[in-house]
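Enquirer: have a look at this fold, sequence not included:
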């Protein structure tokens with residue numbers, strides 16, 4: 001056994017083991033969990049945004065229909081990176097401005113002072129005295145909301161098309177049996193639309209996986225941040241484990257992680273597609289019937 005108390009006395013494998021188990025590397029490993037948690041929360045949240053947006057775009061109530069179609073068109077038309085940078089700042093300042101009006105009604109100085117946005121300390125969110133985990137949790141929650149809004153617009157477009165793709169004859173048959181429009185939507189359209197939506201949602205899931213490095217723009221210390229931080233050249237003056245520029249190896253590890261994750265996702269989506277196609281009036285469903293599956 002060996003101890004990592006004096007890295008200068010270590011060599012070879014012992015040095016590497018101690019180097020890979022430093023506190024910063026533990027943060028690096030934990031960042032993989034952050035990415036997975038982000039995906040686990042964002043995917044269903046974005047799907048909920050998308051379903052709501054698609055239903056709004058189908059509404060007979062004109063203002064709601066305009067809102068749904070506007071949400072889909074505007075968010076899809078803005079580059080992701082621009083939306084991430086604008087929305088986060090705008091949302092953060094809007095929340096702090098509202099808190100400022102409530103908590104500091106006697107404040108006399110203007111909130112906007114040139115390019116600065118200044119509110120009273122009590123209105124800051126999170127508070128400056130809050131523990132670090134609160135700041136990190138707030139940043140993560142903003143990241144989830146931003147991802148959900150952006151990818152929810154794309155999901156809404158996919159689901160809107162999938163709802164329209166359900167054969168009209170089945171909807172008319174349900175209506176002929178006396179089902180109301182709401183019953184037809186819930187019992188006929190929604191169960192069958194998923195087979196048409198799955199290819200688009202599968203592609204959207206892949207794009208969402210690739211977009212997780214945008215966490216760095218939102219102030220969250222993700223795997224890309226730590227790969228760049230740990231891989232950069234370190235000198236004995238600034239590190240107990242000096243090394244040359246190893247960023248290529250860290251980013252290679254990220255490449256392998258993302259490729260493996262997307263491959264597993266492809267397998268799961270393919271199996272889900274076969275299950276949803278069984279018994280459906282689609283080309284895949286017909287092929288399964290002919291094959292006796």
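Expert: Arrived safely, thanks for sending. As the structure is a prediction and not an experimental result, all values here were calculated from the model.
Enquirer: use CA for all of it now, contacts and neighbours both
Expert: Fine.
Enquirer: residue contacts, residue 232?
Expert: Shown in contact with residue 232 (C-alpha atoms under 8 Å, 6 or more residues apart in numbering): 244-247.
Enquirer: I'd say residue 227 and residue 251 touch.
Expert: Yes - Residue 227 lies in contact with residue 251 (C-alpha atoms under 8 Å); the separation is 6.4 Å.
Enquirer: more crowded one of these two?
Expert: Per other C-alpha atoms under 10 Å, whichever of residue 227 and residue 251 has more neighbours is residue 227, with 21 against 16.
Enquirer: pLDDT score assigned to the more buried one?
Expert: Looking at residue 227, its pLDDT is 88.
Enquirer: and the residue nearest to it when sequence neighbours are not counted, helix, strand or coil?
Expert: Excluding the flanking residues, the one nearest residue 227 by C-alpha to C-alpha, 6 or more residues apart in numbering is residue 250, at 5.3 Å. What DSSP: H, G, I helix; E, B strand; the rest coil gives for residue 250 is helix.
Enquirer: okay, now residue 250: neighbour count?
Expert: Count around residue 250 with other C-alpha under 10 Å applied: 18.
Enquirer: same question, residue 114
Expert: Neighbour count for residue 114, taken as other C-alpha under 10 Å: 7.
Enquirer: could you tell me how far it is located from residue 88?
Expert: Distance, residue 114 to residue 88, by C-alpha to C-alpha, to the nearest Å: 20 Å.
Enquirer: what packs against the longest helix along the chain?
Expert: With secondary structure taken from DSSP state H, the chain has its longest helix at helix 23-58. Other helices and strands packing on helix 23-58, by 3 or more C-alpha pairs under 8 Å, 6 or more residues apart in numbering; DSSP states H and E, are helix 62-77, helix 132-165, helix 190-211, helix 223-231.
Enquirer: quick check: which of those helices is nearest to residue 267?
Expert: Comparing these against residue 267 with C-alpha to C-alpha, the closest turns out to be helix 190-211 (10.8 Å).
Enquirer: buried ones in the longest helix of the chain, by neighbour count?
Expert: Residues of helix 23-58 classed as buried under the neighbour-count rule (16 or more other C-alpha atoms under 10 Å) are 27-29, 31-32, 34-35, 38-39, 42-43, 45-58.
Enquirer: got the angle between that helix and helix 132-165?
Expert: Relative orientation of helix 23-58 and helix 132-165, computed by axes from the mean of the first three to the mean of the last three C-alpha atoms, to 10 degrees: 40 degrees.
Enquirer: what is the orientation angle of helix 23-58 with helix 62-77?
Expert: Using the same axes, to 10 degrees: helix 23-58 against helix 62-77 is 140 degrees.
Enquirer: quick one, helix 23-58 and helix 190-211 angle?
Expert: Using the same axes, to 10 degrees: helix 23-58 against helix 190-211 is 140 degrees.
Enquirer: of the contacts of residue 232, closest to residue 209?
Expert: Set against residue 209, the nearest of these by C-alpha to C-alpha is residue 247 (21.2 Å).
Enquirer: relative to residue 29, how far out is that closest one?
Expert: Taken as C-alpha to C-alpha, the span from residue 247 to residue 29 is 16 Å.
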